[in-house]
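[1] Compute the structure for the input listed below.
(one chain, ligands or ions: 2)
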Amino acid sequence: MPADRHCGVMSGTSLDGVDAVVADFAPASGVCRTLGFAHVAFPPALRHDLAALQTSGDDELARAARASLALADCYADAALAACRAAGLAPSEVASVGVHGQTVRHRPDEHWTIQLNDPARVAERTGMTVVADFRRRDLAAGGQGAPLVPAFHHALFARPERARAVVNLGGIANVTLLAPGAPVRGFDTGPGNVLLDTWHARHGGGPFDAGGAWAASGRVDHALLHAMLGEPYFAAPPPKSTGRDLFDAGWLDAMLAHRGAPEHPADVQATLAALTARTIADAIRGAAPGTDEVLVCGGGAHNATVLRMLAHDLAPARVVPTSDEGVAVDQVEALAFAWLAREALAGRTASLPEVTGASGARVLGAIYPA
Ligand SMILES: Nc1ncnc2c1ncn2[C@@H]1O[C@H](COP(=O)(O)OP(=O)(O)O)[C@@H](O)[C@H]1O
Ligand SMILES: [Mg+2]
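    Ligands and ions are numbered 1, 2, ... in the order given. Now for the predicted structure:
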C-alpha cells in the first residue's frame, strides 16, 4: 500500500505566485500532516500577462495559451520544490492537484476559466496531475466555487464549536461550520485584491506589508457606506465572484462617485474596513451563533484587516489557522492536495448545498504520470 501522500498547488486571484504543499493524508492523528511547502513567485512578466488577461483584448487565445505554458512551468517548479522540501522523490507522491489560474469567472453564464497546462505539469514532474476542478460543478448547475469548504470541514469542524473559516485571498470566502448543520460557504467579496491594487498605485510594492499603511489612514465612513451598497454583498448564497467584478474599475467608479479622500492612506484604511465588514456581515447574517473564526490566506498577515475583523465580530474569537496547527499560507494548497486525493479515489468532493449544483460530483480531470 503506497503512502497516502499528495501535493497541492494553488495560485489565486492575488496573482502573487504559487503555493505548493506535500502532505501525508494518513497521519498518526488528524486529517493530514504537511511534509513540505514551497512558494514560487510569478515572474513579473507573467504577472503582467495574467493581469492583462483578466479583461478582453487582442489575440487573447494565443496569449492565454502562452500564459498557460508559463504557468505550468511555475506549477511544476513549485510541486518539485515542495517534494524536495519534504525530502521525497516525485514518484513517492501519489498525485498533484493543480488548481490553475482563474482569469475569468462567470457562473451566471455557467463558465469559468482556469489557465493551466496539466499535461505539461505531468511531463515536467513525472507526477499524476489532477486539474480542472471547477467545471464539473458548473456543468451540474453550480457556481463551481467555492470548492474548499468540504476540506475546511474535514480539517476544522468540531462537534462542540460553531466555527467559521475565512480565507483572505484576493477574493475572500467563508465556510460556516455549525454543529449539526450542513456546511455552507460562499465568496464574501474582496479580500486583498483592492488593497493590493491601491497599494501598488500609491504605496509602492505589490501589497501593504502587515497592513501598516492602512493602519496609518482613517476610515472614510461615507465611502465605506457607498461601497457597501454594491449589490453583490446583499445577494443570497450560493454566490461566487472574482476580479471580473472587484477590480480597479470597480474601485475607481466608487471613488469617482463619492469623491476620493484627500489622503491615499485613508482609501487603504477604508478598503481594509470593507474587507472586514463584508466578511463580518456575512458571518453574522448567515451564522449568528459563530463563536470562533479561523483566518487563513495571505491576508491573514494583514494585522489591520484582522484587527478590524475581530472588532466587527466581537465577542467571537478571531484567530489565524496557525493556532490550530495549519500555517495560514498552506490551507488552500492543502485543499487541492485533498481534492486530488478525492478525485483519484473516485469520491465526490463538491458540496451542492454550497455551490448550488444539482448534486455532488467527482471533481477534476486526471492526467496519469
Ligand atoms: N506580510 C503581508 N502583509 C499583508 N498582506 C500580505 C502579506 N503577505 C501576503 N499578503 C497578502 O496576501 C496576498 C496573497 O494571498 P494568497 O492567499 O496567496 O491569495 P490568492 O489565493 O488570491 O493568491 C497578497 O497579495 C497580499 O495581499
Ligand atoms: Mg496566492
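[2] For Asp58, the count of nearby residues, please.
    6 (other CB atoms under 10 Å). Glycine gets a C-beta too; all of them are placed from N, C-alpha and C.
[3] repeat for Pro206
    Pro206, neighbours per other CB under 10 Å, totals 18.
[4] what do you get for Arg347?
    12.
[5] Would you mind measuring from the nearest residue to it once chain neighbours are set aside to ligand 2?
    Spatial nearest neighbour of Arg347, chain neighbours left out: Val362 (6.8 Å); criterion: CB to CB, 6 or more residues apart in numbering. Computed with CB to the ion, to the nearest Å, the distance linking Val362 and ligand 2 is 26 Å.
[6] Val362 touches Leu344, doesn't it?
    No - using CB atoms under 8 Å, Val362 is not in contact with Leu344; the gap is 9.7 Å.
[7] who in the stretch 151-300 of the chain is up against ligand 1?
    169-170, 192, 195-196, 207-211, 297-299 (CB under 6 Å from any ligand atom).
[8] how about 8 Å then?
    Within the stretch 151-300 of the chain, the positions near ligand 1 by CB under 8 Å from any ligand atom are 167-171, 191-193, 195-196, 199, 206-211, 296-300.
[9] The stretch 1-150 of the chain now?
    10-17, 19.
[10] 5 Å - rerun?
    Within the stretch 1-150 of the chain, the positions adjacent to ligand 1 are 12-14, 16 by CB under 5 Å from any ligand atom.
[11] List the buried residues of the helix ranked longest in the chain.
    If you go by DSSP state H, the chain has its longest helix at helix 60-86. For helix 60-86, the neighbour count (16 or more other CB atoms under 10 Å) marks 63-64, 67-68, 70-83, 85-86 as buried.
[12] now the residues of the stretch 1-150 of the chain next to ligand 1 as a markdown table including neighbour count?
    Converted to a markdown table, those look like this (neighbours: other CB atoms under 10 Å):
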| residue | neighbour count |
| --- | --- |
| Gly12 | 24 |
| Thr13 | 25 |
| Ser14 | 21 |
| Asp16 | 19 |
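[13] hmm, which of the residues of the stretch 151-300 of the chain next to ligand 1 are the buried ones?
    Buried among these (16+ other CB under 10 Å): 167-171, 191-193, 195-196, 199, 206-208, 211, 296-300.
[14] Intersect those with the contacts of ligand 2.
    When those are checked against ligand 2 using CB under 5 Å from the ion, none falls in range.
[15] Let's see which of those end up in helices.
    193, 195-196.
[16] Let me have those residues in TSV, extended by pLDDT.
    Formatted as TSV, these follow (pLDDT from 0 to 100):
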residue	pLDDT
Val193	98
Leu195	98
Asp196	97
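[17] unless I'm mixing things up, Leu15 is touching Gly170, no?
    Yes - using CB under 8 Å, Leu15 is in contact with Gly170, at 7.2 Å.
[18] quick revisit: and the next helix or strand past the longest helix of the chain?
    Later in the chain than helix 60-86, the nearest helix or strand by DSSP states H and E is strand 95-98.
[19] Give the partner strands of the very next helix or strand once past that next one in its sheet and their orientations.
    The C-terminal neighbour of strand 95-98 among helices and strands, as given by DSSP H and E, is strand 101-106. Note on strand 101-106: by DSSP bridges, its sheet partners are strand 111-115 (antiparallel).
[20] which residues touch the residue in the stretch 251-369 of the chain that ligand 2 sits nearest to?
    The minimum distance from the stretch 251-369 of the chain to ligand 2, using CB to the ion, falls at Gly298 (5.9 Å). The contact partners of Gly298, by CB atoms under 8 Å, 6 or more residues apart in numbering, come to 14, 16, 168-169, 192, 207, 328-329.
[21] what's the answer for Glu92, then?
    Contacts for Glu92 (CB under 8 Å, 6+ apart) come out as 3, 5, 83.
[22] can you list the contacts of Gly298 in a markdown table and add distance to Pro231?
    Listed next are the contacts of Gly298 as a markdown table, based on distance: CB to CB, whole Å:
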| residue | distance to Pro231 |
| --- | --- |
| Ser14 | 24 |
| Asp16 | 28 |
| Leu168 | 22 |
| Gly169 | 22 |
| Asn192 | 22 |
| Phe207 | 28 |
| Val328 | 30 |
| Asp329 | 32 |
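[23] What are the boundaries of the strands in the stretch 201-350 of the chain?
    All strands of the stretch 201-350 of the chain, identified by DSSP state E, counting those that start in this stretch, fall at 292-296, 317-320.
[24] Double-check that His6 belongs to a strand.
    Yes - under DSSP: H, G, I helix; E, B strand; the rest coil, His6 sits within a strand.
[25] Touching, it and Ala335? I think so.
    No - using CB under 8 Å, His6 is not in contact with Ala335; the gap is 11.0 Å.
[26] one step back: mind picking the one among the residues of the stretch 1-150 of the chain next to ligand 1 that's closest to Arg120?
    Gly12 (20.4 Å; CB to CB).
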